Structure formats: C-alpha cells, structure tokens
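In: Let's see this in three dimensions:
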Amino acid sequence: MNNQQGELELNCYYNFLLVKIITMPDGIDYFIIKDPFGKRHLMEAEPYKSYDFKIGESVEIRIDKINCKGKVFFEPKHPRYGLGSTVKVEFLGHTSELDKFNEERQMLLVKDPDGNETSIRTVNEAQRSTEFTTDFIYCEVCKISKGRLELRQIG
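Out: Numbering: from 1, shown residues only. Coordinates of the predicted model:
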C-alpha cells in the first residue's frame, strides 16, 4: 500500500479492526471499524451476521463504493466463498421477475449456502416449465454484495 495520506481507494482491500457494535437511534446495529490509517467508520452489521465476526479481530474489507457525498460503502471478504467459487444451492421452486425492460422473466428460486433465498436465471426450456424439479443446482458466485451471494447457474 503506497497510500500514506490516509485515503481509502475504491475496489481495494484493507485490513480493518472490528472495534465494537453499537445500535444507532434508527435501531440498526453497526460495526465500528478502524481502517489502517486509524480512522473509524460505521458498517451495518446485519448483512454479515453469517460471517461470524468477533470484536477485536482484523477483517479484510473492500471499498465497494464512495458516493458523491463522500460516504464510504464497505464489503468484507466472504469467509467461505470468493468470486468464481462453485456452490451447491437448494432448489425451492419457480418465480418470475421483471427485467430492465419491464418484461416478465421466469426464474428459479433457490437457497444459498448461507440460508438466503435468491433467484437465478433458467438456462433451458425444461427449467422454464413449472413441472421442472430437482434437489440441487450448481452455481457460480458472480458477485458478493451486502453479504449476499449473487449467483449464476452453471450449465
């Protein structure tokens, strides 16, 4: 890390210290995290409950976004999965979603390894049929956002 001014750079990982958890007036729990430059930040705790963080530990966190007001958004490294990882997800059923053109798209509802329900795109005509069923589907982790795996079906 060549940055000596204490500026966090977008899409870079840094080791942050988990200082403590506080509850803000909005009723939401936040981690107070300390960056390598000694500056403290808030990171919402709920999305990362399955990560099993411990106060006092050092955690690798990526600077995900910095908005126009200077607010920094953090994304801790997932403790078990990374981009490109293959995961086996439980098939729950069928669902539909509107795409960016406001057209309905058939999707499969699955449960990821962290217990979160999410939807994935179908890959063939057989899966679009409501008769389609299976126990598990293999997926690739495309993105991790707010502690949730974003998945793409393999096959």
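In: Parallel or antiparallel, list what pairs with the longest strand along the chain.
Out: When the chain is scanned for its longest strand (criterion: DSSP state E), the result is strand 86-98. Here strand 86-98 has these sheet partners by DSSP bridges: strand 104-111 (antiparallel), strand 136-145 (antiparallel).
In: To L18, which of those lies closest?
Out: Nearest to L18 among the strands paired with strand 86-98 is strand 136-145; the distance by Cβ to Cβ comes to 18.3 Å. C-beta: built from backbone N, CA, C; applies to glycine.
In: Other residues contacting that closest one?
Out: For strand 136-145, contacts defined as Cβ atoms under 8 Å, 6 or more residues apart in numbering pick out 64, 75, 78, 81-91, 108, 110, 120, 149-155.
In: Minimum distance to M43: which of the strands paired with strand 86-98 has it?
Out: Using Cβ to Cβ, the nearest of the strands paired with strand 86-98 to M43 is strand 136-145, at 13.6 Å.
In: And the contacts of the helix or strand that that closest one is followed by?
Out: Where DSSP states H and E defines the elements, the next helix or strand beyond strand 136-145 is strand 148-153. Counting contacts by Cβ under 8 Å, 6+ apart, the residues outside strand 148-153 that touch it are 47, 78, 81, 87, 89, 108, 110, 112-114, 116, 118, 120-123, 137-144.
In: ok, of these, which come out buried?
Out: Buried by 16 or more other Cβ atoms under 10 Å: 78, 81, 87, 89, 108, 110, 112-114, 118, 120, 122, 137, 139, 141, 144, out of those.
In: on that earlier part again, mind listing what's buried in the longest strand of the chain?
Out: By neighbour count on 16+ other Cβ under 10 Å, the buried set for strand 86-98 is 87, 89, 91, 94.
In: Which residues does it contact?
Out: 81, 104-113, 117, 119-120, 130, 132-141, 149, 151, 154.
In: Recalculate using a threshold of 6 Å.
Out: Contacts with strand 86-98, where a contact means Cβ atoms under 6 Å, 6 or more residues apart in numbering, come from 104-107, 109-113, 119, 130, 134, 136-140.
In: Please read off the pLDDT at N2 from the model.
Out: Looking at N2, its pLDDT is 48.
In: swap in L8?
Out: Reported pLDDT for L8: 88.
In: Spell out which helix or strand contains it, please.
Out: Assigned by DSSP H and E, L8 belongs to no helix or strand.
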